[in-house]
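J.: based on what follows, work out the 3D shape:
(one chain, ligands or ions: 2)
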Amino acid sequence: MDINKLVYDRPDLGKFKVHRSSLVSQDIHDLELRRIFDRCWLYLGHESEIPNAGDYARRVVAERPLFFARDRGGELRVFHNTCPHRGALICRTDRGNARVFQCFYHAWSFNTSGELVGMPDIDGYGPDFDRAEIALRSPRYDSYRGFIFVCFDDETVPLPEYLAGAAEYLDLICDQSVDGMQVIPGSNRYSIKANWKLLGENSMDGYHAIPTHRTYFDYMSGQGAEMLGNRKGFGRALGNGHGVMENDAIYGRPIAMWHPCFGEEARPEIQRIKDDLIDRFGRTKALRMSEKSRNLLIFPNLIINDVMAVTIRVYQPAGPASMDVTAWEMAPAGESGNLLRRRLDSFLAFLGPGGFATPDDIEALESCQQGFRSGGVEWSDLSRGLTRSPRGNDELQMRSFWRRWQSLVADLPYVEQYEHGLTPGEIPEVAPSPEEASYAGD
Ligand code: FES
Ligand SMILES: [Fe+2]
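T.: Ligands and ions are numbered 1, 2, ... in the order given. Alright, predicted model coming up:
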């Protein structure tokens, strides 16, 4: 298969298809690591995970072990997790607090700024040995409102430019609290036997919600919750392959939309949060923040669901047919008591690994990956909505991912395409799709 022709993109014919080799081929997977994961800004973690001097957390990003720490001066540091001596992992626990990082192999020690501060038998290295030259190495890194990203290519544009229209959507989350948002300690970690790109698609795919998550919708309907009626939404490309699906929320949102499942006693508290948002941002933006849900993809492998809870979900490719997923929950800094409990309940009920949605989604993605092995069908279809104004359950936002993916993986020049001429600054007004409008549960 010609690497330049893995995406068949013909809006004039109403056709958009992706060649299935891009979801199964080891060669393409290897190219992705070099041309996408070695060049793009990749999510590493959140600054709230390391609030105090000496705090650290480790991650693996696109097969590279890394860790980040807060040094004694309070600065964020990000390090390659490899000893400058002979390579051993320096940081061997997921998180903690340390004054020094000591390599377990030969006991070289580094402070939280990465400087070599101790080693056994330094005399053995002769008079020209310069300890100051040896330090933990850092990749390029930057943080946007607490979200830390790394990049392994000096040529890549700076992070704010890379984020393009996605920055506005991060702002919509960060502005939910005057004290900032924080990651709740603890994470969900699981693997899916499917190509990593399928989870990006799935997370911005409104089309699958009703058939795949029928159990959840029926459960909520059974609780007296009105689901889906009059729901409006749209998908948008946000530049550089980022995309979003933004819809009227059909469930309660801790920020700040009351729902019967929260209980009557929660009503005044949630109304207070909404009033505060209106004071700070005006009615239009405040209602958008509180009453619309957003599924945001930051190219290539970060999903932030701002839905019935706020979830950060990052997924690392592990070969062409497997990925490792980690998910965290975000909350306003200092949130506690009933507010936090409701948020965590919402998170676990739908988005957690044992919730109503995630097992359904994993089954769907693994089923696709198994289906690819059958052969007989070369292309997957992503043309839904190509010939009409964008709706929340169309596939515009997935097409923007695949266009960027094709240009990077084939090393082709990239020309930003906004379907319907919709640039990131514009918000279309759209009607609910017929199947959404007619769904009543049963
Ligand atoms: S590999 Fe780290 S001290 Fe030798
Ligand atoms: Fe889903």
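
J.: could you list the low-pLDDT ranges of the stretch 201-350 of the chain?
T.: Where the stretch 201-350 of the chain drops to pLDDT under 70, the residues are 224-230.

J.: and the helices in it?
T.: 209-212, 214-222, 267-281, 283-291, 337-346 (DSSP state H, counting those that start in this stretch).

J.: just the buried positions in the helix or strand that the last one is followed by, please.
T.: Moving toward the C-terminus from helix 337-346, the next helix or strand (DSSP states H and E) is helix 358-374. Applying a neighbour-count criterion of 16 or more other C-beta atoms under 10 Å, the buried positions in helix 358-374 are Thr358, Asp360, Asp361, Ile362, Ala364, Leu365, Glu366, Cys368, Gln369, Phe372. C-beta: built from backbone N, CA, C; applies to glycine.

J.: say whether ligand 2 is contacted by helix 358-374.
T.: Yes - on the criterion C-beta under 5 Å from the ion, helix 358-374 is in touch with ligand 2 at Asp361.

J.: how many neighbours does Arg140 have?
T.: 15 (other C-beta atoms under 10 Å).

J.: so it touches Asp154, yeah?
T.: Yes - with contact defined as C-beta atoms under 8 Å, Arg140 reaches Asp154; the gap is 6.6 Å.

J.: how many neighbours does the residue of the stretch 51-200 of the chain found nearest ligand 2 have?
T.: Nearest to ligand 2, among the residues of the stretch 51-200 of the chain, is Leu199, at 9.9 Å (C-beta to the ion). Neighbour count for Leu199, taken as other C-beta under 10 Å: 22.

J.: packing partners of the strand or helix carrying it?
T.: Using DSSP H and E, Leu199 sits in helix 196-203. Packing partners of helix 196-203 (3 or more C-beta pairs under 8 Å, 6 or more residues apart in numbering; DSSP states H and E): strand 292-298, strand 302-306, strand 310-317, strand 323-332, helix 358-374, helix 396-409.

J.: what angle do the first one and strand 310-317 make?
T.: Strand 292-298 and strand 310-317 are oriented at 30 degrees to each other (axes from the mean of the first three to the mean of the last three C-alpha atoms, to 10 degrees).

J.: touching ligand 2 at all, strand 292-298?
T.: No - for strand 292-298, no contact with ligand 2 is found by C-beta under 5 Å from the ion; the gap never falls below 9.5 Å.

J.: direction included, what does that strand pair against?
T.: Each strand paired with strand 292-298, and its direction, by DSSP bridges: strand 242-248 (antiparallel), strand 302-306 (antiparallel).

J.: which residues touch the longest one?
T.: Think strand 242-248. 163-166, 169, 204-206, 230-238, 291-299, 392-393, 396-398, 400-401, 427 (C-beta atoms under 8 Å, 6 or more residues apart in numbering).

J.: quick one on the thing from earlier: pick the most buried one from the strands paired with strand 292-298.
T.: strand 242-248 (a mean of 25; mean count of other C-beta atoms under 10 Å).

J.: okay, that one in CSV with CA atoms only?
T.: Output of strand 242-248 as CSV, limited to C-alpha atoms (Å, rounded to 0.1, in the frame of the first residue of the first chain):
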residue,chain,number,x,y,z
HIS,A,242,-7.1,18.3,17.2
GLY,A,243,-10.8,18.0,17.2
VAL,A,244,-13.8,18.3,19.5
MET,A,245,-17.4,17.1,19.8
GLU,A,246,-19.5,19.6,21.8
ASN,A,247,-23.1,18.8,22.7
ASP,A,248,-25.8,19.8,25.1
